[in-house]
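# Provided below are the primary sequence and the corresponding predicted coordinates.
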Amino acid sequence: GAGVSQTPSNKVTEKGKYVELRCDPISGHTALYWYRQSLGQGPEFLIYFQGTGAADDSGLPNDRFFAVRPEGSVSTLKIQRTERGDSAVYLCASSLNSGTDEQFFGPGTRLTVL
Amino acid sequence: DAKTTQPTSMDCAEGRAANLPCNHSTISGNEYVYWYRQIHSQGPQYIIHGLKNNETNEMASLIITEDRKSSTLILPHATLRDTAVYYCIVRVVDGTGNQFYFGTGTSLTVIP
C-alpha cells in the first residue's frame, strides 16, 4: 500500500524566503511527526500531531517554524524568513495511533537555503 | 537530549551475525527501547522495540539486560542490504512524550 509521501523531494530557496513542505501520511494514521536531519546527524524531533492538534511542538527551534494539520490528514511545515542554517532534510512520519505504534517515515524533503 | 550511547561505526562480514550494542544507563521504568535503521537517502525504518523482555521478529532480535541499562540488536545473518545507520532510542510511551530522540547512531557496514 501507499506509504508516507512528502513533496517536494528537493527545495532550493534563497535566504529570507518563505517555504512550505507537505506531508501525506498513511491513510487512517492519526499521529503525525515532523523531524529535521542535518548532515551526519540523527533526525531531530520538531513537532507531533494527534489528529488536528499539535500535541507537542517543543522541538520547533523558533517562531519562524510552524506546522498545521487542519483536517487531521495532510500536514504542512511552514518556515518563514529562511536562513542558511535551516538547510537540512525534513522528515515526516505517521503512526496508526500514538503510544507504542511504530512510526512510518517518508523519504524526506531536502531543503537548501542559499 | 539523546539518552543512548552507541559506537560510531561497526563492520560485519556478510552472512555473520551483527551485534549492535547500546547503552541507556539512565533509562526509566516506563521507557521503551526502540531500534530504527536508515539506509542512505531514505527515511528511517522501524526494526523492533521492547520494554524489558527480549523480543524477536522477522528482522532482528533485541536483547535487553536485566537491569535495562543496555541492550543489543542482533541481525542473525547480515546481508549487504543491511548496511545502514542503526539508531537505538529510548522513549516514554504515556500519550504525551511521543517524540523520538535519535542520537547519531551506529553506521554498520556489511562486508562481502
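That came through, no problem. Numbering: from 1, shown residues only, chains lettered A, B, ... in the order given.
# where does the prediction get shaky in chain A?
Where chain A drops to pLDDT under 70, the residues are A:1, A:100.
# just give me the residue right at the centre of it.
Nearest residue to the geometric centre of chain A (CA atoms, centre = their mean): residue A:34, 3.4 Å.
# quick check: closest non-adjacent residue to that residue.
Counting by CB to CB, 6 or more residues apart in numbering or on different chains, residue A:34 lies nearest to residue A:46, which is 4.3 Å off, once chain neighbours are set aside. For the C-beta atoms, the positions are set from N, CA and C on the backbone; glycine is no exception.
# look at that neighbour and give its secondary structure.
Put simply, residue A:46 is strand when judged by DSSP: H, G, I helix; E, B strand; the rest coil.
# residues contacting the residue found closest to residue A:84 once you drop the neighbours it is linked to in the chain?
Closest residue to residue A:84 in three dimensions, ignoring its sequence neighbours and counting by CB to CB, 6+ apart: residue A:113, at 5.0 Å. For residue A:113, the contact set (CB atoms under 8 Å, 6 or more residues apart in numbering or on different chains) comprises A:13-15, A:17, A:82-87.
# if we go to 6 Å?
Contacts here follow CB atoms under 6 Å, 6 or more residues apart in numbering or on different chains; on that basis residue A:113 touches A:13, A:15, A:82, A:84, A:86-87.
# dig out what it forms beta bridges with.
residue A:13 (DSSP bridges).
# just the buried members of the contacts of residue A:113?
For the contacts of residue A:113, a burial check counting by 16 or more other CB atoms under 10 Å in any protein chain shown picks out A:13, A:82, A:86-87.
# what's the neighbour count on the residue nearest to residue A:34?
Residue A:46 has 22 neighbours, counted by other CB atoms under 10 Å in any protein chain shown.
# let me know whether it touches residue A:59 as I believe.
Yes. Under the criterion of CB atoms under 6 Å, residue A:46 makes contact with residue A:59 at 4.3 Å.
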